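Participant: Give me coordinates for this.
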Amino acid sequence: MKKNIIALAVASAIAAPVAMADAPTVYGKIYMSIDNLTDAGTTVNSHSSRFGIKGSNDLGNGLKAVYKLEFGVDPTTTAKAKISGRNAYVGLAGGFGTVLMGRHDTPFKMIQGTDLFNDATKEGYGDNKPMAGGLGISGGEVRADNVLAYVSPSFNGVKFIAAGMSAGNNDGGNTTYYSTAPASNKDNSLTNAYSIAAMYGSKKKGLYLAAAYNSFDKKMTKVTNGSDSPTETRLVAQYTVAGLMANAMYQNFDKEINNTVNGKNLNGSNIQINVGYKMGALMPKLKYSMFDYKDKTLKDGNAFGVGVNYSLAKSTTAMLDYVSYDKNLANKGVAGGKSTSLISLGIVTKF
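Facilitator: Numbers count the residues shown, from 1 in each chain. A predicted model of the protein is given here:
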């Protein structure tokens with residue numbers, strides 16, 4: 001009996017630290033819709049459906065290890081290629097802020113306001129990226145590889161974020177940013193690209209203001225007709241009160257030597273506006289985007305989206321959306337384009 005008591009005490013001592021360990025959170029969402037797109041018929045599509053695990057481990061003295069592994073999935077197919085990497089990192093968090101490394105959204109992308117049409121339609125027709133008219137590297141919506149990032153604590157409502165990104169090894173490189181990896185690994189540096197941002201307030205309520213800047217090493221962008229490094233700027237203002245949410249985002253993309261259409265550089269500016277008003281379970285919403293190319297041989301254009309969300313539960317929402325591109329946006333400013341439109345009926349559930 002005494003031996004059994006001793007054995008039980010030893011087992012309990014071993015199990016206790018395990019029980020005290022922080023359990024990871026398993027989460028995800030499945031977002032499916034029926035979409036009808038101009039000249040593409042009607043199809044069933046998945047929109048950034050995903051699953052992941054995240055959590056933290058208490059290291060004592062106010063220090064935590066933080067981690068996240070997130071994957072994109074497409075429930076419409078069994079193709080292995082439809083499993084993709086999203087944000088994935090490990091880091092340390094404490095009174096000094098958070099430092100992390102891995103794959104992550106750039107600070108430039110992180111500061112965007114609430115996008116009421118994010119992932120909402122086939123091929124992301126209502127997203128910030130396509131609505132930017134082809135400007136910039138993915139319209140500023142970049143999730144980068146080989147990232148070292150820092151997020152500051154809040155200073156009276158103000159936070160700062162900075163990230164450095166290396167181009168990667170010459171067997172593939174950071175293709176998110178660069179059309180090719182460096183000729184030699186010795187050219188790798190955490191300043192091959194960098195992204196910095198500052199933000200004030202909260203996206204959930206009241207006033208939110210933010211600004212961000214991206215810069216890319218000219219050596220890593222296959223510059224052949226110039227010597228300048230591509231740069232991108234983003235400004236965001238949002239106000240949320242009661243059921244109303246309204247925001248505006250201004251973006252400027254300069255010296256984008258690699259981003260061309262018909263040999264013309266896609267430099268210019270873009271303004272996007274979102275407005276939504278929640279009334280009980282219903283939320284009507286509107287999005288408008290206009291862009292201006294610096295090369296005046298390209299045609300400026302615009303796009304808009306209108307829709308309504310219906311909350312079935314805290315975890316589940318149904319959406320009906322309509323998105324329209326004018327002929328210039330659809331063809332990235334080149335004459336002879338054709339306007340396109342899409343209507344989408346979808347449902348998203350989160351877990």
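
Participant: Looks to me like F108 is in a strand.
Facilitator: No: applying DSSP: H, G, I helix; E, B strand; the rest coil, one finds F108 to be helix, outside a strand.

Participant: For the nearest residue to it once chain neighbours are set aside, identify the helix or strand it belongs to.
Facilitator: Leaving aside its sequence neighbours, F108 sits nearest to A212 (C-beta to C-beta, 6 or more residues apart in numbering; 4.2 Å). Where C-beta positions appear, they are placed from N, C-alpha and C, glycine not excepted. Counting by DSSP states H and E, the element that carries A212 is strand 206-216.

Participant: Touching that strand from outside, list them.
Facilitator: Applying C-beta atoms under 8 Å, 6 or more residues apart in numbering, the external contacts of strand 206-216 come out as 106-108, 110-111, 113, 137, 140, 177, 192-202, 229-241, 247.

Participant: Name the residues of the helix or strand following that strand that are buried.
Facilitator: Downstream of strand 206-216, the next assigned helix or strand under DSSP H and E is strand 231-241. For strand 231-241, the buried set under the neighbour-count rule, 16 or more other C-beta atoms under 10 Å, comprises E232, T233, R234, V236, A237, Q238, Y239, T240.

Participant: what's the burial count for the residue nearest to F108?
Facilitator: Residues near A212, counting by other C-beta atoms under 10 Å, number 24.

Participant: follow-up on the earlier one: let me know the average pLDDT across the strand holding A212.
Facilitator: Per-residue pLDDT over strand 206-216 has a mean of 95.

Participant: Same question for stretch 25-44.
Facilitator: For stretch 25-44, mean pLDDT rounds to 92.

Participant: what's that stretch in contact with?
Facilitator: 45-55, 75-76, 119-123, 125, 319, 338-351.

Participant: quick one: which of these sit in strands?
Facilitator: 45-46, 50-55, 319, 340-350 (DSSP state E).

Participant: K129: what secondary structure?
Facilitator: helix.

Participant: That one: how many residues sit nearby?
Facilitator: 17.

Participant: can you tell me which residues contact it?
Facilitator: S138, G139, G140, E141.

Participant: Any chance of the residues you listed in CSV with pLDDT and secondary structure as columns?
Facilitator: Below are these laid out as CSV (pLDDT from 0 to 100; DSSP: H, G, I helix; E, B strand; the rest coil):
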residue, pLDDT, secondary structure
S138, 71, helix
G139, 74, helix
G140, 80, helix
E141, 84, coil
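
Participant: so D119 touches R50, yeah?
Facilitator: No: D119 lies out of contact with R50 (C-beta atoms under 8 Å); the separation is 9.8 Å.

Participant: Spit out the residues that contact these two alike.
Facilitator: Joint contacts of D119 and R50 (C-beta under 8 Å, 6+ apart) do not exist.

Participant: Just the buried residues of stretch 273-288, please?
Facilitator: Using 16+ other C-beta under 10 Å as the test for burial, stretch 273-288 gives N274, G276, M283, K285, L286, K287, Y288.

Participant: Name the residues that touch it?
Facilitator: Contacts for stretch 273-288 (C-beta under 8 Å, 6+ apart): 113-117, 126, 131, 243-249, 272, 289, 302-312.

Participant: that older thread, and which of the contacts of K129 is nearest to L59?
Facilitator: E141 (33.5 Å; C-beta to C-beta).

Participant: The closest one is in contact with K109, isn't it?
Facilitator: Yes: with contact defined as C-beta under 8 Å, E141 reaches K109; the gap is 5.3 Å.

Participant: so where's the stretch 101-250 of the chain uncertain?
Facilitator: 120-124, 168-187, 218-228 (pLDDT under 70).

Participant: again, 80 this time
Facilitator: Residues of the stretch 101-250 of the chain that meet the criterion pLDDT under 80 lie in 119-139, 167-189, 191, 217-229.

Participant: Ok, the stretch 251-351 of the chain next?
Facilitator: Using pLDDT under 80, the flagged stretches of the stretch 251-351 of the chain are 255-266, 295-299, 327-338.

Participant: What ranges does it have for its strands?
Facilitator: In the stretch 251-351 of the chain, the segments counted as strands under DSSP state E, counting those that start in this stretch are 260-261, 264-265, 268-277, 282-293, 301-313, 316-325, 340-350.

Participant: Distance to A167 for the ones you listed - can I get that in a markdown table?
Facilitator: Shown next, in a markdown table, are the strands of the stretch 251-351 of the chain (distance: least, C-beta to C-beta, whole Å):
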| stretch | distance to A167 |
| --- | --- |
| strand 260-261 | 20 |
| strand 264-265 | 21 |
| strand 268-277 | 26 |
| strand 282-293 | 28 |
| strand 301-313 | 32 |
| strand 316-325 | 33 |
| strand 340-350 | 35 |
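
Participant: Look at the spatially closest residue to G91 that is not a sequence neighbour and report its pLDDT.
Facilitator: Excluding the flanking residues, the one nearest G91 by C-beta to C-beta, 6+ apart is L100, at 3.0 Å. Here, the pLDDT recorded for L100 equals 97.

Participant: Around L100, how many other residues sit close by?
Facilitator: 20.

Participant: What's opposite D321 in the beta bridge?
Facilitator: Beta-bridge pairing for D321 (DSSP bridges): G307, S344.

Participant: Buried residues in stretch 66-85, which are they?
Facilitator: Of all the residues in stretch 66-85, those buried under the rule 16+ other C-beta under 10 Å are V66, Y67, K68, L69, E70, F71, V73, D74.

Participant: Nearest to V147 among those?
Facilitator: Distances from V147 to the buried residues of stretch 66-85, taken by C-beta to C-beta, are shortest for K68, at 12.5 Å.
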